[in-house]
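Visitor: Got a sequence here, can you model it:
(2 chains)
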2 protein chains.
Amino acid sequence: MKLKTIFLGLEAGGRSVVIMNGDDAERLGVLALGRVTVRLDGIVKTAIVNTSTEMIEPGRIGVCKRVWEGLGLADGSEVEVEVAPFPDSIYFIRNKLDGRKLAFDEVLEIVEDTVAERLSDVEITAFVTALHSFGLDLDEATNLSLAMIKTGRTMKLDGGPIVDKHSIGGVPGDKTTLLVVPLVAAAGLLIPKSSSRAITSPAGTADRAEVLMPVGLDLEEMRSVVEEAGGCIVWGGSVHLAPADDIFVRVEYPLSIDPLLLPSIISKKRAVGADLLVVDIPTGRGAKVKTIGEANLLAKDFMEIGSRLGIRVQGAVTYGEQPIGRAIGPALEAKEAMEVLMNRPGPRDVAEKATAIAGILLEMAGREDGKALAEELLRSGKAEQKMREIIEAQGGDPEVLPEDIAVGDHKFTVRSDRSGHLLWINNSSIAEVARFAGCPKDEGAGILLARKIGDAVEEGDPLFTIFAERGNNLQRALDRLEGLRVVGVGDGMEMLIHEVKERPVAKRSFTLDR
Amino acid sequence: MKLKTIFLGLEAGGRSVVIMNGDDAERLGVLALGRVTVRLDGIVKTAIVNTSTEMIEPGRIGVCKRVWEGLGLADGSEVEVEVAPFPDSIYFIRNKLDGRKLAFDEVLEIVEDTVAERLSDVEITAFVTALHSFGLDLDEATNLSLAMIKTGRTMKLDGGPIVDKHSIGGVPGDKTTLLVVPLVAAAGLLIPKSSSRAITSPAGTADRAEVLMPVGLDLEEMRSVVEEAGGCIVWGGSVHLAPADDIFVRVEYPLSIDPLLLPSIISKKRAVGADLLVVDIPTGRGAKVKTIGEANLLAKDFMEIGSRLGIRVQGAVTYGEQPIGRAIGPALEAKEAMEVLMNRPGPRDVAEKATAIAGILLEMAGREDGKALAEELLRSGKAEQKMREIIEAQGGDPEVLPEDIAVGDHKFTVRSDRSGHLLWINNSSIAEVARFAGCPKDEGAGILLARKIGDAVEEGDPLFTIFAERGNNLQRALDRLEGLRVVGVGDGMEMLIHEVKERPVAKRSFTLDR
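Guide: Model (predicted):
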């Protein structure tokens, strides 16, 4: 069917989408959410169909940005539109939905079709949920990693060893990477670190680093920073190491599932050529991984899949019952990281965790007594000096001081209504309040803890301070605080945590009248 | 955030969708495929977000038809847009993704949110695929049926008993319903039959019936036809008995899965008040159900779920190795059905199957010797008379004769290149060729079989004729025929069915170069 094109700026979450007149679609024999090929001068793009009777007149076709640019269309270009055959990968996805195992060439075809936008959201969701429901064995995880590497960009650095670290996340305030990178780079290792932005947390490492320097580097810029300074902290989204993963995440996010954890991480590490990797697994009731037993199993999976891809992996099971350090939120955390690098007084746990992880990497690279070496690199100011080199190489201000970093000037301090000890901190409530205060969008928003677990608390003592850039955000955070117990102060004798009540169902019951 | 509306005629496959400027979406803190509420004068609609920087300027929001009409918007109306909270039903869907069982109030909430368009395609797909992967037990199937009835329209007829029939389908040419409805209505039973159109088959019952009479009746019109004539054959899509099912089908179709089979059927039967139901389960290698053992198990599930909903169900396991009768395609099948009703010479299997199924319904309703009674109703012309009453009540021509029904005048007869007996007919290949010839869109397209399984065949004898309304469709069907073996003629001694060859994977292998 020949149709004349109309440009729609529509980005459609990265999808290739066209909008056809409803009658044209019916005549062509394609349903809404079906699939067509759009052809011009021998170039063919596949797109998912939406229909509209009012927006698009018969004989026309609305084309999204991706297809428009892919075909080099102009307004009114005449394209040939045909019903597209179902890609083979749908059969492979259906096999996985039936619990069958996928072979490498099947996984590769699914990933290639995902990246080429030949699969619809329905089909990609079916794949991701099937991986969640049935799990992946190590063969499948390895195959998925290989497929994601093959469909993404890769980097080759001269010299080495090339090291990397990854935290599976889940603990607010975890600015460890801002210290580990300069620590190991100061010892002469190469660490091409790419990090993510926050999706549901108050700050991702890319958000924290961006307070100090630009992080939206492309792969070439990333390489030259590492060649110059030995390390970098860039945003993974701009280097396109695993475009398939960026698409899978869109499905995982609304469902809060993460079946691609291993392949997603390991493929990006392999893409930057990492030889040695430490995976940090924070463990605690409020972390992603609840028990040490689970953490050990996950670490072993990482080690096994790493060995199949030629990466030596070591797991670091860390304490994740409370935030790392006192600061939560991009600017507050960047400030705290700089204070620790400058050996200013502050919480011990930030330096402790960073030197432990840097120490493991140093020992994997053949250095002796890695933790002590890392501590010395921190104490001597060499790590700080290296961080300033990295900031400069990425285009930030190398002279930056913690007091230069602006934080929100709307604040409120929450105080204890009783005396005792701080017994627990609820990670997810802390994260939620920080997000209501404006994190990660407002980089000056966040929370500063005045007490951590085990600290003595008197009635009226400050527990934490909420920072916001805008007054209405501070108010939203305070409103949200109402229904939450963010921290627990007591004498350790309150044994009832909370009640599990019957869900009221009365309003939903109904009788089936005949 | 306050935004000014722009109308997009976008139907988006029934979804509620808005398109925001990318920067506005970022400022609001919502990702593409996230969810917002749109509010005007106290009315609130939830919609899925797409983003565009070029199509929608900052401060504006493009609104799909559904939300536009729901809020009574005008161009430039100022609406309040907020990030929508995740509906609870997402947590229930996630539980099912982890293999847990759903309670009634959870199922109801998922179905209500589906119908109210509060769930995105990603979330609905996750639900449907989880049902496919883990299966539904009878409690869940019952709960889903109840939820689908509660969210749809229902009908109450006076008198009775009210009977119904359903075929799970999969066999081309199955025009049984066009005979069963007048047969049982002629015996005084009420049969408010709603049927589907073809999705992947050459013709659905609604497509066949539409050749003889209008089928797009609403629920009130359907009721008055049944009150007048005792029976009807209408299209289910226009009576809105189970709007949730119409949405689930959109996801099931591209994935070729059908986990909601039982609730989807039984809820619609319950919605029209059926007391007695026969479920036809065609069985054969080319049918949906392959073995008689499977068919028996499925029939028992139908009987059990029926009893929980107050419907007496009986299964009819039928022979599904080849098409029913000789005709495939809407007009050819309507013609054949009328010929059988008029006792004209033709294949015996159509009448045989229809009287068997009508006979079961008659016996369930307390009549004796149901099959013989049905045969007598057919032989005496009472079924034909009843069919003409139904055609008239639905607005068709009650005087219609088979020879009045037009079929495509582009045709080609395929002849045998050998002598022997017809050993098999490939149902799915027959269906595919008929669709290439134009079915179901071109109602005069289709296939007429000259031989059926067991018939003697001489070299040069006709095997089947392809009909098309347009020459290029006939050519497409003939091209498609090239690679297919649609029927098998032989002496029964060819024991090799086909070879399973190694899949060529060479082009896909790659080495991981370091």
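
Visitor: which residue ranges form the helices in the stretch 1-150 of chain A?
Guide: A:22-28, A:65-71, A:89-97, A:104-115, A:121-134, A:138-150 (DSSP state H, counting those that start in this stretch).

Visitor: Can you give me the buried ones in the last one?
Guide: What it means is helix A:138-150. By neighbour count on 16 or more other Cβ atoms under 10 Å in any protein chain shown, the buried set for helix A:138-150 is A:140, A:141, A:142, A:143, A:144, A:145, A:146, A:147, A:148, A:149, A:150. C-beta here means a position set from N, CA and C on the backbone, and glycine is covered the same way.

Visitor: which helices and strands does it pack with?
Guide: Packing contacts for helix A:138-150, counted by 3 or more Cβ pairs under 8 Å, 6 or more residues apart in numbering or on different chains; DSSP states H and E, involve helix A:104-115, helix A:243-255, helix A:261-271, helix A:292-308.

Visitor: ok, now the first one?
Guide: When contacts are defined as 3+ Cβ pairs under 8 Å, 6+ apart, helix A:22-28 sits against strand A:43-52, strand A:78-83.

Visitor: partners of the last one in the sheet?
Guide: According to DSSP bridges, the neighbouring strands of strand A:78-83, each with its direction, are strand A:2-7 (antiparallel), strand A:35-40 (antiparallel).

Visitor: Ok, the longest one next?
Guide: According to DSSP bridges, the neighbouring strands of strand A:43-52, each with its direction, are strand A:17-21 (parallel), strand A:35-40 (antiparallel).

Visitor: Determine which of the ones you listed approaches residue B:58 most closely.
Guide: When the strands paired with strand A:43-52 are compared by Cβ to Cβ, strand A:17-21 sits nearest residue B:58, at 21.9 Å.

Visitor: Give me the contact list for the closest one.
Guide: A:3, A:8, A:10, A:28, A:30, A:36, A:38, A:47-53, A:55-64, A:67, A:81, B:10 (Cβ atoms under 8 Å, 6 or more residues apart in numbering or on different chains).

Visitor: Please point out the stretch among the helices and strands packed on helix A:138-150 with the lowest average pLDDT.
Guide: Comparing mean pLDDT across the helices and strands packed on helix A:138-150, the weakest is helix A:243-255, with a mean of 86.

Visitor: Run the angle between that helix and helix B:89-97 for me.
Guide: 110 degrees (axes from the mean of the first three to the mean of the last three Cα atoms, to 10 degrees).

Visitor: ok, and does helix A:243-255 reach over to chain B?
Guide: Yes: interface with chain B: helix A:243-255 contributes A:250, A:251, A:253, A:254, A:255 (Cβ under 8 Å from any Cβ of the partner chain).

Visitor: Neighbour count added to these, as JSON lines?
Guide: Listed next are the residues of helix A:243-255 next to chain B as JSON lines, based on neighbours: other Cβ atoms under 10 Å in any protein chain shown:
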{"residue": "A:250", "neighbour count": "20"}
{"residue": "A:251", "neighbour count": "25"}
{"residue": "A:253", "neighbour count": "16"}
{"residue": "A:254", "neighbour count": "21"}
{"residue": "A:255", "neighbour count": "22"}
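
Visitor: tell me the domain ranges of chain A?
Guide: Annotated domains of chain A cover A:2-83, A:89-135, A:163-238+A:270-402, A:406-490 [automatic domain parsing].

Visitor: Lowest mean pLDDT across these, which one is that?
Guide: domain A:2-83 has the lowest average pLDDT among the domains of chain A, namely a mean of 83.

Visitor: ok, so of the residues of helix A:243-255 next to chain B, who is nearest residue A:111?
Guide: Distances from residue A:111 to those, taken by Cβ to Cβ, are shortest for residue A:251, at 13.7 Å.

Visitor: how close does that closest one get to residue A:121?
Guide: 7 Å (Cβ to Cβ, to the nearest Å).

Visitor: Name the nearest residue to residue A:125, ignoring sequence neighbours.
Guide: residue B:125 (3.9 Å; Cβ to Cβ, 6 or more residues apart in numbering or on different chains).

Visitor: The one you found: neighbour count?
Guide: By other Cβ atoms under 10 Å in any protein chain shown, the residues close to residue B:125 number 30.

Visitor: ok, it - contacts?
Guide: By Cβ under 8 Å, 6+ apart, the neighbours of residue B:125 are A:121, A:122, A:125, A:126, A:129, B:251.

Visitor: Likewise for residue A:372?
Guide: Counting by Cβ under 8 Å, 6+ apart, residue A:372 has contacts residue A:359.

Visitor: so where does it fall, helix or strand?
Guide: helix A:370-379 (DSSP states H and E).

Visitor: Only the C-alpha atoms, please, for that helix, written as CSV.
Guide: Presented in CSV, the C-alpha positions along helix A:370-379 are these (Å, rounded to 0.1, in the frame of the first residue of the first chain):
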residue,chain,number,x,y,z
GLY,A,370,45.7,-3.9,49.4
LYS,A,371,43.5,-2.3,52.2
ALA,A,372,46.6,-0.8,53.9
LEU,A,373,47.8,0.5,50.6
ALA,A,374,44.4,2.0,49.8
GLU,A,375,44.4,3.7,53.3
GLU,A,376,47.8,5.1,52.7
LEU,A,377,46.7,6.5,49.2
LEU,A,378,43.8,8.2,51.0
ARG,A,379,45.8,9.5,54.0
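
Visitor: Show me which residues of the next helix or strand after that helix are buried.
Guide: The helix or strand immediately downstream of helix A:370-379 is helix A:382-393, counting by DSSP H and E. Neighbour-count burial for helix A:382-393 flags A:382, A:383, A:384, A:386, A:387, A:388, A:389, A:390, A:391, A:392, A:393 (criterion: 16+ other Cβ under 10 Å).

Visitor: Now do the shared contacts for residue A:251 and residue A:121.
Guide: residue B:122.

Visitor: touching chain B at all, stretch A:275-285?
Guide: No: using Cβ under 8 Å from any Cβ, stretch A:275-285 never reaches chain B; the gap is at least 9.5 Å.

Visitor: close enough to count as contact, residue A:347 and residue A:337?
Guide: No: if you go by Cβ atoms under 8 Å, residue A:347 and residue A:337 don't touch, sitting 11.6 Å apart.
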